[in-house]
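Novice: From the sequence below, what's the structure:
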Amino acid sequence: MKTVKYPKTLVKAEISSRRQLKSTELVDEQQKIIEEKISELNKGSFELAGVFPYIFDVLCYVCTHAKEAIERRGNNSETHFRVKIPTEAFYDFALDGELDQKHKLLKELLELHQNPKTKALPLNADLSISTQPIRIDLIHQNGRRITGNLKNLQQGGQEIKFIIIEFYKPLFSQLLEGRHGKAWFILPKAFHAKMLKAIKQYKDLPEFKRYGNLATSINYRKLYLYFNLHNNKKGDYLTYDSVDLSEHCLPENISEKNGKAYLDNWFKLHQFTQKGTRLFHKMGQDGLLKGVEIIPTSIWYEKPAKEIRIKLKRNAKEIPEFTDETPFQGAEYYVE
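Specialist: Here you go, the predicted structure:
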């Protein structure tokens with residue numbers, strides 16, 4: 001199974017919340033101050049993972065395995081890289097054989113093609129930028145740009161021959177710096193497609209149903225990215241602050257008072273992280289996470305200290321069974 005390098009700059013943008021950007025200055029691509037404040041923007045202005053997961057996986061694959069295909073690398077006057085990908089290669093990079101997700105991918109692709117999304121992206125502690133992180137052009141076999149919605153495309157018999165993607169340089173440039181790149185971690189090829197396959201396959205198993213229906217696939221994607229972003233590469237345990245983890249991966253479980261974030265419901269976080277860590281563990285056992293560094297094997301909570309600790313196997317060929325170190329009680333009140 002091929003792996004891809006995933007840049008930490010992209011992860012930070014994917015899992016940032018509106019509250020975390022309130023104190024920053026917001027500018028557009030031309031560095032002009034935008035009149036509306038970040039606090040007044042809607043939630044959709046900050047959601048990257050929920051809109052682009054397949055495409056991010058494709059671009060990371062290209063940046064890892066086909067750097068020579070990326071245009072504008074040496075042009076500092078351009079804010080976006082550009083790559084032209086044959087359609088079948090695009091489906092391979094995004095789905096890696098999970099073709100039952102092809103219609104969903106095509107629908108999202110066409111939506112982005114017709115309605116580019118402008119997002120507020122954190123660049124550093126003091127500055128965010130308002131731009132289109134991804135721009136899509138769909139090219140017909142005759143070389144023309146395809147227009148129209150999915151229904152018209154199918155009925156008109158227009159075949160997508162190439163997909164042209166312009167993608168915002170600061171999110172991916174770490175993968176292209178130096179000979180080997182920097183500040184990245186390893187994910188499997190088509191991670192999002194593999195995770196959706198696993199969720200569909202595991203969702204009715206007793207060990208997953210007992211933790212309820214508490215989050216979306218995007219929340220679990222964020223959780224695994226968060227684990228890797230904060231991986232110290234030492235020892236067999238990783239410890240996370242529960243408020244910070246929730247704010248990045250389950251922001252609906254966060255309240256704010258006097259500018260400070262608070263956990264709404266400790267047990268809801270317990271359920272979410274239990275289900276998420278078990279998901280990644282079983283994906284590892286089933287060979288869907290080959291090559292990655294983090295496979296959770298147990299989880300433990302310290303409620304007074306507001307900490308979550310996971311035990312893990314690094315680069316494991318054999319993965320032990322998941323160990324439940326936390327007493328399970330009261331879940332029936334949280335199952336949806």
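Novice: domains of the chain?
Specialist: 3-184, 203-333 (automatic domain parsing).
Novice: Of all the ones you listed, which one is nearest His192?
Specialist: Evaluated over those, closeness to His192 peaks at domain 3-184, with 4.1 Å, by Cβ to Cβ. Backbone N, C-alpha and C define where each C-beta goes, glycine included.
Novice: circling back to that earlier point, how about the domains of the chain in JSON lines, adding distance to His192?
Specialist: Converted to JSON lines, these look like this (distance: least, Cβ to Cβ, whole Å):
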{"stretch": "domain 3-184", "distance to His192": "4"}
{"stretch": "domain 203-333", "distance to His192": "6"}
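Novice: Go through those and name the closest to Phe191.
Specialist: Nearest to Phe191, of these and by Cβ to Cβ, is domain 3-184 at 5.6 Å.
Novice: What mean pLDDT does that closest one get?
Specialist: For domain 3-184, mean pLDDT rounds to 78.
Novice: Can you give me the first-to-last residue distance of it?
Specialist: With Cα to Cα, to the nearest Å as the measure, domain 3-184 spans 12 Å from end to end.
Novice: Please tabulate the domains of the chain in CSV, including the columns distance to Lys194 and mean neighbour count.
Specialist: Shown next, in CSV, are these (distance: least, Cβ to Cβ, whole Å; neighbours: other Cβ atoms under 10 Å):
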stretch, distance to Lys194, mean neighbour count
domain 3-184, 7, 17
domain 203-333, 5, 17
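Novice: and stretch 267-278, how far from the chain's centre?
Specialist: Distance of stretch 267-278 from the chain centroid (Cα atoms, centre = their mean, to the nearest Å) equals 18 Å.
Novice: residues making contact with it?
Specialist: With contacts defined as Cβ atoms under 8 Å, 6 or more residues apart in numbering, stretch 267-278 is touched by 207-208, 211-212, 214-215, 219-220, 223-224, 242, 245-246, 249-250, 253, 263, 296, 299, 301, 308, 310, 322, 326, 330-331, 334.
Novice: how about a cut-off of 7 Å?
Specialist: Contact with stretch 267-278 is made by 207-208, 211-212, 214-215, 219-220, 223, 242, 246, 250, 253, 263, 296, 299, 301, 308, 310, 322, 330-331, 334, as judged by Cβ atoms under 7 Å, 6 or more residues apart in numbering.
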